[in-house]
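Colleague: I'll drop the sequence and a predicted model, then ask my questions.
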Amino acid sequence: MVDLLALYDAQLRTAAEVQGALDIHRLGPLWIARLGGGRLFVTYDDLDDPAARVAQVAAMLSDDDSIQRAEWKTRAHDHAPGLDTALSSAGFTAGETESVMLGEASALTAREAPVGVTVRLLSVPEEMRRALEVQDAVFGGVPRAEWLVSELLERQANGEGVELWAAECDGRFVSSGRMEPVAGTAFAACGAVSRCLSIGAAASTALWSRRVRARPWPGAFAGCIRIPPRSLAPSSSGRGWSR
């Protein structure tokens, strides 16, 4: 039996998490990535001194006004004593608990879209923006659709395999999600959100199914272990950092 949690730790952390970043800085065990929209993303696979590493990142944020939002990713199965306390003391606030879903991609191929829902790959920038606005509506906070479209188009132009799929019903997008193989791993990342409760889960699952059937990833896993990581985003220093 495949140990999916071990594969997750070995293949989907650090370098895999920051693919497509504008810049990547290594600080001891930390991987610090600058992303579009003034975002900073911090991750790791093993922490030697949680309190000291948090203090280093906090100092970086205080000294750089170009950083508008930051996220430090933690995982509940890690051994990092004192990390949550250090983050809270440094002005970070814990976001909603997330779940990492892992499983064999082949298991997704049998899911069909609900009646009246069409699933398709998007390539027109205006349609991509409308689809990404679904995610803005679900997650709230600072709208990200506009610059995410630019980021996706740039990555596609660079030959990366990222794609944007959407589920459409009665002329409006009800679910959207990015699909992308993670370079150098056996995984492909699949994520979808929906703003229509009545068909949301079925539409989101149908996105994955349609994508896998369109161009299968032989022997790949898709992103079923539930791991509750947490994203902690600082909101101190008046920078309005949020998820």
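Modeller: It's in.
Colleague: which residues sit in contact with the residue nearest to residue 125 when sequence neighbours are not counted?
Modeller: Counting by C-beta to C-beta, 6 or more residues apart in numbering, residue 125 lies nearest to residue 149, which is 5.6 Å off, once chain neighbours are set aside. Heads up, the C-betas are built off the backbone N, CA and C, glycines and all. Residues in contact with residue 149 (C-beta atoms under 8 Å, 6 or more residues apart in numbering) are 125, 128, 129, 132.
Colleague: Equivalent analysis for residue 47, please.
Modeller: 29, 53, 78, 80, 83.
Colleague: Surely it is in a strand?
Modeller: No - using DSSP: H, G, I helix; E, B strand; the rest coil, the assignment for residue 47 is coil, not a strand.
Colleague: quick one: pLDDT of it?
Modeller: Predicted confidence (pLDDT) for residue 47: 89.
Colleague: quick one on the thing from earlier: can you tell me which two in the contacts of residue 47 are farthest apart?
Modeller: 53 and 78 (12.9 Å; C-beta to C-beta).
Colleague: Could you check which of the two is surrounded by more residues?
Modeller: The neighbour comparison of residue 53 against residue 78 (other C-beta atoms under 10 Å) goes to residue 53, with 21 against 17.
Colleague: Now tell me which helix or strand of this structure has the poorest mean pLDDT.
Modeller: strand 226-227 (a mean of 38; mean pLDDT, DSSP states H and E).
Colleague: So what's the residue count around residue 184?
Modeller: By other C-beta under 10 Å, neighbour count at residue 184 equals 10.
Colleague: now do residue 48
Modeller: As a burial measure, residue 48 scores 11 neighbours (other C-beta under 10 Å).
Colleague: in terms of contact, does it touch residue 30 like I think?
Modeller: No - contact between residue 48 and residue 30 fails when scored by C-beta atoms under 8 Å: they sit 9.9 Å apart.
Colleague: could you point out the longest strand in this structure?
Modeller: strand 172-181 (DSSP state E).
Colleague: Show the subsequent helix or strand relative to it.
Modeller: Once the chain leaves strand 172-181, the next helix or strand it forms, by DSSP states H and E, is strand 187-190.
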